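Visitor: Sequence and predicted structure below; questions after.
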Amino acid sequence: MIITIAHTKGGVGKSLISFHLAVALKAAVIDLDFQQTIIINNEMRKNNGSKGIGVLQTRSLEDLVKLRDHNLKNRDTKEEKTFIIDVGGFDSDVNRVAIAIADIIIVPANDKTNDIIGLHQFQKIIKEIDEATGTKLKPKLLINNVSPTTKDFISLDTFVEKNQNFSIMKSVLRTRADYYKTLETGTGITELKESKAKKEFKKLIKEIKKEAKNG
């Protein structure tokens with residue numbers, strides 16, 4: 001399974017989500033973000049005595065395609081691997097390939113005006129990838145970093161109504177202090193004792209696994 005965390009807008013939480021997913025799923029991360037946030041978090045993790053996650057740095061289109069081909073060849077066997085691709089907040093051929101080869105495309109989203117504008121720009125890229133590859137990608141919006149009290153996301157609902165190839169995931173990751181605390185030690189959110197952040201993230205993992213099973 002290839003899970004690509006993508007958005008052309010920076011600061012939406014792609015690297016944070018990628019890191020915590022990698023820890024929880026024991027998956028390797030392909031870090032395409034020039035800020036190298038995951039690499040830094042992983043070093044902090046190892047410095048604090050925890051086993052590091054596998055981090056691959058590749059800028060090669062061919063290497064990304066090899067990951068996809070490997071999983072296609074070994075689908076439903078023990079050789080199939082879980083890869084998480086952290087796409088940088090910019091448009092490039094490599095990032096587009098990372099989106100095109102994904103089994104699941106997760107787009108961290110917020111209901112702020114700038115984020116909605118960014119989603120419209122990202123939708124244009126998705127359309128161009130569809131036209132170039134002859135596919136119909138179905139990105140999934142993951143509502144992320146929103147107030148614990150907010151229940152309605154009208155702007156995101158309106159976006160999906162107008163762009164029906166997108167859908168909104170049931171899981172919601174709300175603003176929690178634990179996300180920032182864990183960054184200091186490179187701890188995965190699912191490695192904490194019971195917390196609201198952990199509970200919400202485990203729901204996300206369950207939803208991803210269900211989506212992968214349904215194919």
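Guide: Thanks, I have it.
Visitor: Nearest spatial neighbour of V160, chain-adjacent residues omitted?
Guide: Spatial nearest neighbour of V160, excluding adjacent residues (Cβ to Cβ, 6 or more residues apart in numbering): F166 at 5.2 Å. Where you see a C-beta, it was placed from the backbone N, CA and C, and this is true even at glycine.
Visitor: does the residue lying farthest from the centre of the chain count as helix, strand or coil?
Guide: Distance to the chain centre peaks in the chain at G49, reaching 25.7 Å (criterion: Cα atoms, centre = their mean). Recorded secondary structure, G49: coil (DSSP: H, G, I helix; E, B strand; the rest coil).
Visitor: From L173, how far off is it?
Guide: 27 Å (Cβ to Cβ, to the nearest Å).
Visitor: on that earlier part again, if I look at the residue nearest to V160, how far off is G188?
Guide: Taken as Cβ to Cβ, the span from F166 to G188 is 28 Å.
Visitor: low pLDDT regions in this structure?
Guide: Along the chain, segments meeting pLDDT under 70 span 59, 215.
Visitor: again, only this time at 80
Guide: 34-35, 57-60, 76-77, 213-215 (pLDDT under 80).
Visitor: where do the helices sit along it?
Guide: For the chain, applying DSSP state H gives helices covering 14-25, 37-47, 61-73, 93-100, 113-133, 154-162, 177-183, 196-214.
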